[in-house]
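Asker: how does the following fold in three dimensions:
(one chain, ligands or ions: 1)
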Amino acid sequence: MNMNQYPAEPFRIKAVETVKMTTREERIAAIKAAGYNTFLLNSADVYIDLLTDSGTNAMSDRQWAGIMMGDEAYAGSRNFFHLEETVRELFGFRHIVPTHQGRGAENLLSQLAIKPGQYVPGNMYFTTTRFHQEHNGGIFVDIIRDEAHDASLNIDFKGDIDLNKLKKLIEEKGAENIAYVCLAVTVNLAGGQPVSMKNMREVRALCNAYHIKVFFDATRCVENAYFIKVKESGYADKSIREIVFEMFSYADGCTMSGKKDCLVNIGGFLCMNDDDLFESAKELVVVYEGMPSYGGMAGRDMEAMAIGLKESVEFEYIEHRVMQVRYLGDRLKEAGVPMIEPAGGHAIFIDARRFCPHLKQEEFPAQSLAANLYVESGVRSMERGIVSAGRDKITGEHHRPKLETVRLTLPRRVYTYRHLDVVADAVIELFKNKEKIKGLKFIYEPKQLRFFTALFEEI
Ligand SMILES: *Cc1c(COP(=O)(O)O)cnc(C)c1O
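Answerer: Numbering: from 1, shown residues only. Predicted coordinates:
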């Protein structure tokens, strides 16, 4: 493999965090104690933590300086105005309501914009997003293009909405029974797959024709913009800033998890253009989060977020970020490890169905693979498959997603290419001995978002 195709780090390291090296015996004991659930491992027992890219970002010296500039006034903090101005400048929305993280914004939007019994079409589900939609009486409908469910199909913009599916749903149920369209950029559970600008434009046009609102899940919008720049015709010469701005011009608002593309460790926000919706959101945010000028965030956190957002749209940063993910994917691909293709923006998703063909989906192959990877190497990953998908509210049966995956998620600006080699070597070693991976069964299954706290044992 030629390293020159992957950009070197566009930063240097000013502070380091020492990590513990563990023995195989220690890791076996730790994973048993955690009920084979990588969410329940102590971070101190993890060498390379690829559990999530959520809130695990390394902040810059400028952001840390911003932390010292926190204005912790209860109301009207200057950091809020800085954040508001930054979001207006980059996204173009008129109103912003800060929240403690992305799901806080999802809670507000779902309560305000969904009437019980209404449909909420989206390009594949996300755990907390769908939870809030259903909790408020909404019926989630997946309208992502079919190809997104096929892990091995290597095509661009696998996150696109299938316009025929959307149109059919509107015609069948009636436009008044659609709460709004939820369009995620990128699509996390499809493998971090991006949505094309063309698709956003077409979704907007179709929804305009029926007077239906479109809200983006903006969580990884900058990664999405990078893919548009390098893959969609007409965008090569546009800046990431320009692309992000155009993307949001097709939305009525968005929910944002600041823990991802805003390059901070906590925070989120809800945006909208509609004045009435903004008034209602301000009333509701006081109940669940805090005053509309902090909504669950400290002044310093809003400052770090405003600075992080500006850094996130710099080309050198986002190119390195997405290409690091590509590097890990390329190393695994070279060794024949099955995964979702093409590599997405934040993570490599190993295809556990093809990795462990000897296990049935009810034996939780991805959950077990994640546990085994930890034992092999001290690398922490997570299951995104049948366990994450949960059970149908009405029938009580498991949702059975086509994609049964282990996600190796890269924190932003945290690990080097050499760390990624350690990860790749461990996965490749496991792949050579895959028959030894055993199935799992539940010993404790929580009712909501079960993947966070479920306990398992080996069959
Ligand atoms: C993380 C995430 C959320 C929820 O955000 P939190 O900050 O974790 O509450 C919503 N949508 C997507 C696609 C996410 O990845």
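Asker: only C-alpha atoms from now on, for both contacts and neighbour counts.
Answerer: OK.
Asker: residue 403 and residue 147 touch, don't they?
Answerer: No: when contacts are counted by CA atoms under 8 Å, residue 403 is not listed as touching residue 147 (11.5 Å).
Asker: list the contacts for the residue nearest to residue 237 when sequence neighbours are not counted?
Answerer: Counting by CA to CA, 6 or more residues apart in numbering, residue 229 is the residue found nearest to residue 237 once chain neighbours are left out, at 7.6 Å. The contact partners of residue 229, by CA atoms under 8 Å, 6 or more residues apart in numbering, come to 235-240, 243.
Asker: narrow those residues to those that are buried.
Answerer: 235, 239-240, 243 (16 or more other CA atoms under 10 Å).
Asker: reformat the residues you listed as TSV; add distance to residue 319.
Answerer: Conversion of the buried ones among the contacts of residue 229 to TSV gives the following (distance: CA to CA, whole Å):
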residue	distance to residue 319
235	15
239	12
240	10
243	14
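Asker: biggest separation within these, which pair?
Answerer: 235 and 240 (9.3 Å; CA to CA).
Asker: just checking, residue 130 touches residue 140?
Answerer: Yes: counting by CA under 8 Å, residue 130 touches residue 140, with 6.7 Å between them.
Asker: verify the stated contact: residue 371 with residue 30.
Answerer: No: contact criterion CA under 8 Å: residue 371 and residue 30 do not qualify, at 10.1 Å.
Asker: so which residues of the protein form strands?
Answerer: 48-49, 95-99, 119-122, 139-142, 181-184, 214-217, 253-257, 268-272, 347-351, 379-380, 382-384, 405-409, 440-444, 455-458 (DSSP state E).
Asker: do you know which of those strands lies nearest the ligand?
Answerer: Proximity to the ligand (CA to the nearest ligand atom) singles out strand 253-257 among these, at 4.0 Å.
Asker: strand 95-99 and that closest one, what's the angle between them?
Answerer: 30 degrees (axes from the mean of the first three to the mean of the last three CA atoms, to 10 degrees).
Asker: return the list of helices and strands in contact with strand 253-257.
Answerer: helix 102-113, strand 214-217, strand 268-272 (3 or more CA pairs under 8 Å, 6 or more residues apart in numbering; DSSP states H and E).
Asker: burial count for residue 422?
Answerer: Counted with other CA atoms under 10 Å, residues neighbouring residue 422 total 14.
Asker: which residue is the nearest non-sequential neighbour of it?
Answerer: residue 377 (8.0 Å).
Asker: measure that neighbour to residue 98 for me?
Answerer: Computed with CA to CA, to the nearest Å, the distance linking residue 377 and residue 98 is 39 Å.
Asker: of those two, who's got more company?
Answerer: residue 98 (31 against 23).
Asker: check the more buried one and give its pLDDT.
Answerer: Listed pLDDT for residue 98 reads 97.
Asker: kindly report the same for residue 449.
Answerer: pLDDT, residue 449: 86.
Asker: ditto for residue 382
Answerer: Residue 382 carries a pLDDT value of 96.
Asker: picking that back up, hang on, isn't the residue nearest to residue 422 packed against residue 428?
Answerer: No: assessed by CA under 8 Å, residue 377 is found out of contact with residue 428, at 11.2 Å.
Asker: what's near enough to touch the closest residue to residue 199 other than its chain neighbours?
Answerer: Computed as CA to CA, 6+ apart, the closest residue to residue 199 that is not its neighbour in sequence is residue 160, at 6.1 Å. Residue 160 sits next to 123, 144-145, 194-196, 199 when contact means CA under 8 Å, 6+ apart.
Asker: of these, list those near the ligand.
Answerer: Applying CA under 6 Å from any ligand atom, the subset of the contacts of residue 160 adjacent to the ligand is empty.
Asker: got the residues of the stretch 101-250 of the chain near the ligand?
Answerer: 101-103, 126, 128-129, 188, 217, 219.
Asker: which one of those residues is nearest residue 354?
Answerer: residue 188 (20.2 Å).
Asker: surely that closest one is in contact with residue 126?
Answerer: Yes: at 7.3 Å, residue 188 counts as touching residue 126 under the criterion of CA under 8 Å.
Asker: the more surrounded of those two?
Answerer: The residue with more neighbours, out of residue 188 and residue 126, is residue 188; 23 against 17, by other CA under 10 Å.
Asker: neighbours around residue 376, how many?
Answerer: Residue 376: 18 neighbours (other CA under 10 Å).
Asker: and the closest residue to residue 387 other than its chain neighbours, what does it touch?
Answerer: Nearest residue to residue 387, sequence neighbours excluded (CA to CA, 6+ apart): residue 451, at 5.7 Å. Under the criterion of CA under 8 Å, 6+ apart, the neighbours of residue 451 are 37, 39, 383, 387-388, 390.
Asker: same deal with residue 79?
Answerer: Neighbour list for residue 79: 70-71, 299-300, 302-303 [criterion: CA under 8 Å, 6+ apart].
Asker: distance of it relative to residue 299?
Answerer: In terms of CA to CA, residue 79 sits 6 Å off from residue 299.
Asker: so what sits against both of the two?
Answerer: 70-71.
Asker: and the helices in the stretch 51-200 of the chain?
Answerer: 61-67, 78-91, 102-113, 127-135, 163-173, 197-210 (DSSP state H, counting those that start in this stretch).
Asker: what's the least confident stretch among those?
Answerer: helix 127-135 (a mean of 94).
Asker: ok, back up a step: need the contacts of residue 160 in CSV with neighbour count and distance to residue 249, can you?
Answerer: Below are the contacts of residue 160 laid out as CSV (neighbours: other CA atoms under 10 Å; distance: CA to CA, whole Å):
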residue, neighbour count, distance to residue 249
123, 28, 19
144, 24, 21
145, 18, 22
194, 27, 17
195, 26, 14
196, 25, 14
199, 16, 13
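Asker: pick the one among those closest to the ligand.
Answerer: Distances from the ligand to the contacts of residue 160, taken by CA to the nearest ligand atom, are shortest for residue 123, at 10.4 Å.
Asker: what's near enough to touch the closest one?
Answerer: Taking CA under 8 Å, 6+ apart, one finds 142-145, 159-161, 182-184, 187 in contact with residue 123.
Asker: and the residues you listed, which two are furthest apart?
Answerer: That would be 145 and 182, which, of the contacts of residue 123, are the farthest apart (CA to CA) at 14.3 Å.
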